[in-house]
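Colleague: Fold the following, please.
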Amino acid sequence: MGMKQYRVGKLWEQEVLNYYKKQGFSTIKLPTDLEGTMFDILVIKFNIVKCIECKHITSDKLYYKGSGLYKKRDELDNFCSKGNSVFIYVKSDVSGNFIIDWKKAKLLFEYKGYVRKEDGVEWKTNIK
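Modeller: Now for the predicted structure:
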């Protein structure tokens, strides 16, 4: 991954964090230097806890094997099998932002190798 894409990815994480902070959530950014981290962000408010993995793509497709999610699949599956959910927040330079749940994404990843905005739900960070 190039430095520009890395920077854009970090800015995307910060954008997601800022959105939830403005909504009154407590936010936790997990350190990226921890080996085996399944997701990037936790947001918490009352009895709501969201586990969020942020991804930035320059095309309209988030590829399974090129995104790092393939390497985390066993951990994600195990975590989600206990009743938890992980949401993938994707920033696409081509098609815009969208969210997709790991369980749905994995089915699509294994079927066609990627997910697109049409597979998830559009997400706008400027909603008040």
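
Colleague: my guess is Trp12 contacts Ile57, does it?
Modeller: No: between Trp12 and Ile57 there is no contact under CB atoms under 8 Å: 10.1 Å. For every residue, glycine as well, the C-beta is placed using N, CA and C.

Colleague: So for those two, which residue has more residues nearby?
Modeller: Taking neighbours as other CB atoms under 10 Å, Trp12 and Ile57 compare with Ile57 leading, 22 against 19.

Colleague: Pairing partners for the closest residue to the more buried one other than its chain neighbours in the sheet, please.
Modeller: Leaving aside its sequence neighbours, Ile57 sits nearest to Ser92 (CB to CB, 6 or more residues apart in numbering; 5.0 Å). Bridge pairing for Ser92 (DSSP bridges) gives the partners Ile57, Gly96.

Colleague: and for Trp12 and Ile57, which residues touch both?
Modeller: Lys91 (CB atoms under 8 Å, 6 or more residues apart in numbering).

Colleague: how near is the most far-flung residue of the chain relative to its centre to Thr125?
Modeller: Within the chain, Phe46 marks the point farthest from the mean C-alpha position, 21.7 Å out by CA atoms, centre = their mean. Separation of Phe46 from Thr125 (CB to CB, to the nearest Å): 21 Å.
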